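1. Sequence first, then the predicted structure, then my questions.
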Amino acid sequence: PTPDENHAQNIDNFALAVADCVHLVKSPADGKPLQLRIGIHTGHCMGGVVGTLTPHYCLFGDMVNTTSRHESTGAAGKIQCSKDLYEHLAEFPAESQ
């Protein structure tokens, strides 16, 4: 993969776009809009195809575990951001965020 110096801003913009659009998706169980808990973080990870009968692509690494913890402990409808990602975002001028 090609390193992207704007990775923090890109993941932040993606999380904001998903959070903005998720209300358009209704639960098939009760017809209410879905509520997501979103966790975002930055760091190194590894990826690869796992399995032979039903292969699927997986990501591995501390970055994945940290993001998962942020998501699982966050509040519905909110984006929880790690300190590492927040510091990367602080490098961008406010108008570009």
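-> Perfect, I can see it now.

2. Report all helices and strands that the top helix by length along the chain contacts.
-> Longest helix of the chain, by residue count under DSSP state H: helix 7-21. Packing partners of helix 7-21 (3 or more C-beta pairs under 8 Å, 6 or more residues apart in numbering; DSSP states H and E): strand 37-40, strand 78-81, helix 83-89. All C-beta spots, glycine's among them, are computed from the backbone N, C-alpha and C.

3. who wins for proximity to Cys58 among those?
-> Closest approach to Cys58 among these is made by strand 37-40 (17.5 Å; C-beta to C-beta).

4. tell me which residues in that closest one are buried?
-> Using 16 or more other C-beta atoms under 10 Å as the test for burial, strand 37-40 gives Ile38, Gly39, Ile40.

5. Just give me the closest of these to Gly77.
-> Nearest to Gly77 among those, with distances taken as C-beta to C-beta, is Ile38, at 9.0 Å.

6. gap between the spatially most central residue of the chain and Ala19?
-> Nearest residue to the geometric centre of the chain (C-alpha atoms, centre = their mean): Ile40, 4.2 Å. Noted for Ile40: a distance of 11 Å to Ala19, by C-beta to C-beta, to the nearest Å.

7. Check whether the residue nearest to the centre of the chain really touches Cys81, as I assumed.
-> Yes: the criterion here is C-beta atoms under 8 Å, and Ile40 meets it with Cys81 at 5.2 Å.

8. For His44, what are phi and psi?
-> With angles defined as degrees, to the nearest 10, His44 sits at phi -80, psi 150.
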